[in-house]
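>>> what's the 3D shape of this:
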Amino acid sequence: MRRAPRAAARITALAAVLAAGGLAAGSASASGTRSALAPPGVSLTYLCHFPAGPRPVPVAVTAGVPAAGKPGKPIQPTAVGLTMALPPAVVSALARLHYETVSAATRLTVSAAEGPSGTSVVWPGATRRPVSRPAHGGMTLTTAGAVPAVTASSAGEVILTAAGLSMTLTAGQAAVPAPGPDRSPAPAAGSPARVTRAGGTQVRGTPTASPAPPATASPAIQVNCTLAAGQHAAFADVVVAGGKTAGAPQLSAKAKSPCPKLPKGGLKLNPRFPPPPPPPGSTIGSAPAPGCAYTTGYADARKLNGAALIQPGLTAVDLFVRTVLNENPKVNYFEADNAALLDYHGQHEFPPSTATFLTFGFVPTTATIQLMQHGVINIFAIGPALPSNCKPHQPCDTVATVSSRLSVRIVPGSVKVNGTPLAVGSHCATPPFDAILKGTSASKPPYSVVTGGPLTGMVDIPKFSNCGVGENLDPIFNAAISGSRNFNLLTQGPVCFLVGGGGICPPPKPKALHSVRG
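Numbers count the residues shown, from 1 in each chain. The predicted structure follows:
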């Protein structure tokens, strides 16, 4: 059996590729999700210019936004709040100004975009009552208020994104600022503001009147803030289904879709991975929205102490197949269930992945595997309905769980050791196995289904069978590859949505991340 050691060396190179296979499946499923999988809200860092100098200020933006809307119907955000964590240096400066209590009024500029067009509206807010200034450390201020509605004129997806922020700090009751100017011409009293751009799609914002600033004898501090670089500031999106406006961007029958075609009636959730039972009193809904995205990444082969690169794979997705919403403060629950299907030249699999490793530390070994999907991939994203209702010292993150059923097949003729082929036959493969990965809004960088991000998890590779031509190579493959806890790190790219042309179309192929924190 002089050939057995060579076979073992060749097969060990496959371990990394096969571990990568488990990773790839998870990646595909995640790529199918969208930002609405996270509840309406985002945690950002603003650079605020105080009189004593610029300081970073963490700001949480929350809003109750419907999961779906209709063309021509107002989309009205509710329960809008801003929570600002003033740093100790700012609080010390307020103490020197004899602020025993602090109130705040805020104006947040929000971009409402649908495909290539949109508008900006101002969300005013104020603290409900003055907040006592602590003797030491930082302090938290929360503002709230009624904000403008936006109206989409055609089917698509309206994405709300936080932009500039200004705050006015007063010692005592805060003055509520009047809304800032819109980008559109000033409308007549009672009429909506409107912006129309290239492409024909329109998003309208109706400013809400704010009360006149009350008189105050306390000195006020005006602070302007800008978003710190490198952040995803989109915090909510609404699928607008049905209807059509002349000139609105729509996929025509002659236009080539950038995404794989979904089966008639859309994708159905895989019963193998059932969603958690909804909390009592929840509202169950559905607003399917088709799209697609690419995912790539690295899969560790634990036994080889190496990693393989998964080639970018395209996944067709059907978002919001099922939604669960419960805004009861004691429950505070939001869940979005989505389905995804790999597509590589019409087959439900990732592109073949080839890896080369130094087996035994010096022998170059190359192999190619096919990662095949069995059944639909489920993506369940669960988090708070309103982050502002989260209890102190408790996590308030949104976690997306990507569940898939996969198998790994070694491509015949692809295994070579130091350039010499190793015959493994045409049926060398594993049985189907479960691969489950997770993405969270708390990681760095964070995971968002619309803009992408990292997905991680451990994958167990089962034993191979039917490997070898004229000799049984199963034991060698299983000793080199099969095993538990193969770490996977995938990177999902931004999603392209078919309805209304939202997102980034065609979907770009992301660069694979090498590390993630959290």
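>>> could you find the closest non-adjacent residue to residue 325?
Leaving aside its sequence neighbours, residue 325 sits nearest to residue 283 (C-beta to C-beta, 6 or more residues apart in numbering; 4.8 Å). (Each C-beta comes from the backbone N, C-alpha and C, glycine too.)
>>> what does residue 412 give?
Leaving aside its sequence neighbours, residue 412 sits nearest to residue 426 (C-beta to C-beta, 6+ apart; 4.7 Å).
>>> identify the residues contacting the residue nearest to residue 325.
Contact analysis of residue 283 by C-beta atoms under 8 Å, 6 or more residues apart in numbering lists 324, 325, 326.
>>> isn't the first one right next to residue 331, touching?
No. Counting by C-beta atoms under 8 Å, residue 324 stays clear of residue 331, with 10.4 Å between them.
>>> okay, those two: which has more neighbours?
Under the criterion of other C-beta atoms under 10 Å, the comparison of residue 324 against residue 331 puts residue 324 first, with 21 against 17.
>>> mind jotting down where the strands sit in the stretch 101-250 of the chain?
In the stretch 101-250 of the chain, the strands defined using DSSP state E, counting those that start in this stretch lie at 101-114, 117-126, 131-132, 139-144, 149-152, 156-170, 193-196, 202-206, 220-227, 234-240.
>>> turn those strands into JSON lines, including distance to residue 264 and mean pLDDT.
Converted to JSON lines, the strands of the stretch 101-250 of the chain look like this (distance: least, C-beta to C-beta, whole Å; pLDDT from 0 to 100):
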{"stretch": "strand 101-114", "distance to residue 264": "27", "mean pLDDT": "89"}
{"stretch": "strand 117-126", "distance to residue 264": "31", "mean pLDDT": "84"}
{"stretch": "strand 131-132", "distance to residue 264": "56", "mean pLDDT": "93"}
{"stretch": "strand 139-144", "distance to residue 264": "45", "mean pLDDT": "94"}
{"stretch": "strand 149-152", "distance to residue 264": "26", "mean pLDDT": "86"}
{"stretch": "strand 156-170", "distance to residue 264": "22", "mean pLDDT": "87"}
{"stretch": "strand 193-196", "distance to residue 264": "35", "mean pLDDT": "34"}
{"stretch": "strand 202-206", "distance to residue 264": "31", "mean pLDDT": "44"}
{"stretch": "strand 220-227", "distance to residue 264": "43", "mean pLDDT": "88"}
{"stretch": "strand 234-240", "distance to residue 264": "20", "mean pLDDT": "79"}
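>>> which helices and strands sit right next to the helix or strand harbouring residue 62?
Element membership of residue 62, judged by DSSP states H and E, is strand 53-64. When contacts are defined as 3 or more C-beta pairs under 8 Å, 6 or more residues apart in numbering; DSSP states H and E, strand 53-64 packs onto strand 41-50, strand 78-86, helix 88-96, strand 156-170, strand 234-240.
>>> need those in TSV (columns: mean neighbour count and distance to residue 354).
Listed next are those as TSV, based on neighbours: other C-beta atoms under 10 Å; distance: least, C-beta to C-beta, whole Å:
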stretch	mean neighbour count	distance to residue 354
strand 41-50	20	39
strand 78-86	20	48
helix 88-96	16	54
strand 156-170	23	37
strand 234-240	25	36
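>>> okay if I get these as TSV plus distance to residue 489?
Listed next are the helices and strands packed on strand 53-64 as TSV, based on distance: least, C-beta to C-beta, whole Å:
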stretch	distance to residue 489
strand 41-50	23
strand 78-86	30
helix 88-96	36
strand 156-170	27
strand 234-240	23
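>>> the residue nearest to residue 412 and residue 258, how far apart?
Residue 426 sits 34 Å away from residue 258, taking C-beta to C-beta, to the nearest Å as the criterion.
>>> for those two, indicate the residue with more neighbours.
residue 258 (16 against 13).
>>> what about the spatially closest residue to the more buried one that is not a sequence neighbour, how many residues close to it?
If the residues on either side of it in the chain are set aside, residue 258 comes closest to residue 506, at 3.6 Å by C-beta to C-beta, 6+ apart. For residue 506, the neighbour count with other C-beta under 10 Å is 14.
>>> the one 5 residues further on too?
Other residues within reach of residue 511, judged by other C-beta under 10 Å, total 10.
>>> that older thread, which one of the contacts of residue 283 is nearest residue 51?
Nearest to residue 51, judged by C-beta to C-beta, of those is residue 325 at 42.6 Å.
>>> does the closest one touch residue 279 like I think?
No. The pair residue 325 and residue 279 does not pass the contact test of C-beta under 8 Å, sitting 9.9 Å apart.
>>> quick revisit: shouldn't the residue nearest to residue 412 be in contact with residue 410?
No. With contact defined as C-beta under 8 Å, residue 426 does not count as touching residue 410 (9.3 Å).
>>> measure the residue nearest to residue 137 when sequence neighbours are not counted to residue 55 for me?
Leaving aside its chain neighbours, residue 137 sits nearest to residue 88 (5.2 Å; criterion: C-beta to C-beta, 6+ apart). Separation of residue 88 from residue 55 (C-beta to C-beta) stands at 10 Å.
>>> show me which residues of stretch 452-462 are buried.
Of all the residues in stretch 452-462, those buried under the rule 16 or more other C-beta atoms under 10 Å are 452, 453, 454, 455, 456, 457, 458, 459, 461, 462.
>>> where strands are concerned, which of the residues you listed count?
Those of the buried residues of stretch 452-462 mapping onto strands are 453, 454, 455, 456, 457, 458, 459, 461, per DSSP state E.
>>> out of the residues you listed, who's nearest residue 414?
Within these, the smallest distance to residue 414 is 17.5 Å, found for residue 461 (C-beta to C-beta).
>>> right, and the residue nearest to residue 137 touches residue 133 too?
No. Using C-beta under 8 Å as the test, residue 88 is too far from residue 133 to be in contact (11.4 Å).
>>> what residues are shared contacts of residue 325 and residue 279?
With C-beta under 8 Å, 6+ apart, residue 325 and residue 279 have common neighbours residue 333.
>>> these two: which has the busier surroundings?
residue 325 (20 against 15).
>>> look up phi and psi at the more buried one.
As for residue 325, its main-chain torsions (degrees, to the nearest 10) stand at phi -130, psi 130.
>>> ok, it - contacts?
By C-beta under 8 Å, 6+ apart, the residues touching residue 325 are 67, 282, 283, 285, 333, 334, 335, 385.
>>> sketch out the low-pLDDT regions of the stretch 151-300 of the chain for me.
Along the stretch 151-300 of the chain, segments meeting pLDDT under 70 span 173-219, 241-256.
>>> give the bridge partners for the residue most central in space within the chain, please.
The C-alpha lying nearest the average C-alpha coordinate of the chain belongs to residue 448 (C-alpha atoms, centre = their mean; 1.3 Å). Residue 448 has the following beta-bridge partners by DSSP bridges: residue 452.
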